[in-house]
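Visitor: model this:
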Amino acid sequence: MKREPDFFDGKGPVLVYIAKRLRDALRLESIFTGAGVDYLVEADRYRGGFLFPAERVGAFFYVLEEHQEAVRSLMRDHGYRPFEPAG
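Guide: Numbers count the residues shown, from 1 in each chain. The predicted structure follows:
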């Protein structure tokens, strides 16, 4: 279920995906809603492009930290590659 930012206050939201296209964002929202996942989606900027790097805007998806592994598995089952933090 799509939540407002205050739902995640003090609960440690984790970034699980950056949708670069509206179509991908809408499909992922549908998958999360159908699975009963509490998520937050916000527009934000990211750096993209190989030959011509540029700042772009995408849809950033966050979930509660304790649900991130199940959500990542759900995403993989639907053909998405979850965001993995560098490190």
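
Visitor: Find the residue closest to residue 68 in space, skipping its chain neighbours.
Guide: residue 14 (4.7 Å; CB to CB, 6 or more residues apart in numbering). From N, CA and C alone the C-beta is placed, and that goes for glycine too.

Visitor: Now name the helix or strand holding that neighbour.
Guide: Using DSSP states H and E, residue 14 maps to strand 13-19.

Visitor: Run the chain-centre distance for that strand.
Guide: Mean-position distance between strand 13-19 and its chain equals 3 Å (CA atoms, centre = their mean, to the nearest Å).

Visitor: Do me a favour and average the pLDDT over that strand.
Guide: Mean pLDDT, strand 13-19: 96.

Visitor: Can you list the neighbours in contact with it?
Guide: 25, 28, 40, 46, 58-65, 68, 71-72, 75, 80, 82-83, 85 (CB atoms under 8 Å, 6 or more residues apart in numbering).

Visitor: ok, 7 Å please
Guide: 25, 28, 40, 46, 58-65, 68, 71-72, 75, 80, 82-83 (CB atoms under 7 Å, 6 or more residues apart in numbering).

Visitor: Tell me the buried residues within those residues.
Guide: The neighbour-count criterion (16 or more other CB atoms under 10 Å) marks 25, 28, 40, 58-64, 68, 71-72, 75, 80, 82 among the contacts of strand 13-19 as buried.

Visitor: Helices - which of those land there?
Guide: When DSSP state H defines the helices, the subset of these inside them is 25, 28, 68, 71, 72, 75.

Visitor: Most widely separated two among those?
Guide: Farthest-apart pair in these is 25 and 68; separation 18.4 Å (CB to CB).

Visitor: on that earlier part again, in the buried ones among the contacts of strand 13-19, find the pair that's most separated.
Guide: Most distant of the buried ones among the contacts of strand 13-19, by CB to CB, are 58 and 64, 20.8 Å apart.
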